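*Asks:* Give me coordinates for this.
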Amino acid sequence: MHIGVGLPAMIPGTSPEQLLGWAVQAEESGYASLSVLDRIVYENYEPLVTLAAAAAVTRRIGLATTVLLAATRGTGAVLAKQAASVHRLSGGRLTLGIAVGGREDDYTATGTPYRTRGRDLDTLIGCLRDIWDGGDGPGATGPIGPSLPGGGPSLLIGGHSDAAMRRAARHARGWISGSGSAEPFAARLARLDRAWEDAGRIRRPRVVALAYFALGERAEARAEGYLGGCYGTGPYARRLIGEALTTPEAVAAAADEYARAGCDELVLLPCDPDPHQLTLLTRALGDRLGAA
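*Replies:* Purely as a prediction, here's the structure:
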């Protein structure tokens, strides 16, 4: 199993120096990827812009959105061009994870419909594929570049609903399992396998899982402060806070558990932008970073 790490781009107050230093340190430490989350109405950095900046200071490490709220980006032509640009400039390192999201204010702020976001995402995915394959976007009179000699970014779909898993099986290379679900990971994988079989897919799906971490002094308080501020006080937020990995033993155990369950990549998302958090995480993982 590969292990990736989230950039602290969602954490309010993260400085550009912290974010770019985190990217460099993660690559030097042997992580498989750098991931970013997405919100519109929040004090965070825009995901694709963030990954472009990270691409400029790294050479090997993968770059991923886990996930991007793609349906807030309009018809898909601009998103296709942005993603293709990051992919080409980074040497083919982008994985585009997308989902519908569940916060209506993000859609209101972008003037995009919330109630039809699932159908709109399906349409958008078709647009992305057409453009990356060299076709024209909606209403365009020619191809929308840059060209992608090695093909477009790998596409993953996030979400725990049956609709999200069916969407992954229809359109994507694999699926992203977020943290905070009341359903065990193994049960989610069983539903994904059924969706894959129903869609007639032969190639095994790539499965990515997300988990939050905070380590060192006041780790639990760090996790609660960030996750409570980002997700509120409802049942989902309480599950996220309760599941946060706050000791080296918990990090190691989670990595082993996900590996046994058949996860292809575990992405560990920070609750604090202090680069010492990444140092502590690397120590906790030990030789697991080189296991893949």
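*Asks:* From now on I want contacts and neighbour counts done on CA atoms only, so please keep to that.
*Replies:* Noted.
*Asks:* For residue 6, what are phi and psi?
*Replies:* Torsion angles at residue 6 (phi, psi; degrees, to the nearest 10) stand at phi -80, psi 150.
*Asks:* likewise residue 31?
*Replies:* phi -70, psi 150.
*Asks:* next one: residue 133
*Replies:* phi -80, psi 0.
*Asks:* Looks like it contacts residue 150 (just checking).
*Replies:* No. Using Cα atoms under 8 Å, residue 133 is not in contact with residue 150; the gap is 10.3 Å.
*Asks:* Mind checking which of those two has more residues around it?
*Replies:* A direct count of neighbours by other Cα atoms under 10 Å for residue 133 and residue 150 places residue 133 higher, at 16 against 10.
*Asks:* need the contact list for the more buried one.
*Replies:* 148, 151, 152 (Cα atoms under 8 Å, 6 or more residues apart in numbering).
*Asks:* Would you confirm that residue 5 belongs to a helix?
*Replies:* No. Assessed with DSSP: H, G, I helix; E, B strand; the rest coil, residue 5 is strand; it does not lie in a helix.
*Asks:* I'd like the distance between the closest residue to residue 188 other than its chain neighbours and residue 88.
*Replies:* Setting aside the residues directly before and after it, residue 188 is nearest to residue 160 in space (Cα to Cα, 6 or more residues apart in numbering), at 7.3 Å. Distance of residue 160 to residue 88, given as Cα to Cα, to the nearest Å: 31 Å.
*Asks:* and if you look at residue 221?
*Replies:* 40 Å.
*Asks:* more crowded one of these two?
*Replies:* Set residue 221 next to residue 88 and count neighbours by other Cα under 10 Å: residue 88 wins out with 20 against 14.
*Asks:* need the contact list for the more buried one.
*Replies:* By Cα under 8 Å, 6+ apart, the contact list for residue 88 reads 146, 148.
*Asks:* Swap in 7 Å and give it another go.
*Replies:* Neighbouring residues of residue 88 by Cα atoms under 7 Å, 6 or more residues apart in numbering: residue 148.
*Asks:* which SSE is it in?
*Replies:* If you go by DSSP states H and E, residue 88 is part of helix 77-89.
*Asks:* go on, residue 68?
*Replies:* In the assignment (DSSP H and E), residue 68 maps to strand 62-69.
*Asks:* what angle do that strand and helix 77-89 make?
*Replies:* Interaxial angle of strand 62-69 relative to helix 77-89 (axes from the mean of the first three to the mean of the last three Cα atoms, to 10 degrees): 170 degrees.
*Asks:* what packs against strand 62-69?
*Replies:* On a contact count with 3 or more Cα pairs under 7 Å, 6 or more residues apart in numbering; DSSP states H and E, strand 62-69 meets strand 33-36, strand 94-99.
*Asks:* What mean pLDDT does the shortest one get?
*Replies:* Per-residue confidence for strand 33-36 averages out to 98 on the pLDDT scale.
*Asks:* Run a quick neighbour tally on the residue nearest to residue 188.
*Replies:* 19.
*Asks:* part of a helix, is it?
*Replies:* No. Using three-state DSSP, the assignment for residue 160 is coil, not a helix.
*Asks:* Dihedrals phi and psi, it?
*Replies:* With angles defined as degrees, to the nearest 10, residue 160 sits at phi -100, psi -10.
*Asks:* now do residue 45
*Replies:* Backbone torsions for residue 45, taken as degrees, to the nearest 10, come to phi -80, psi 150.
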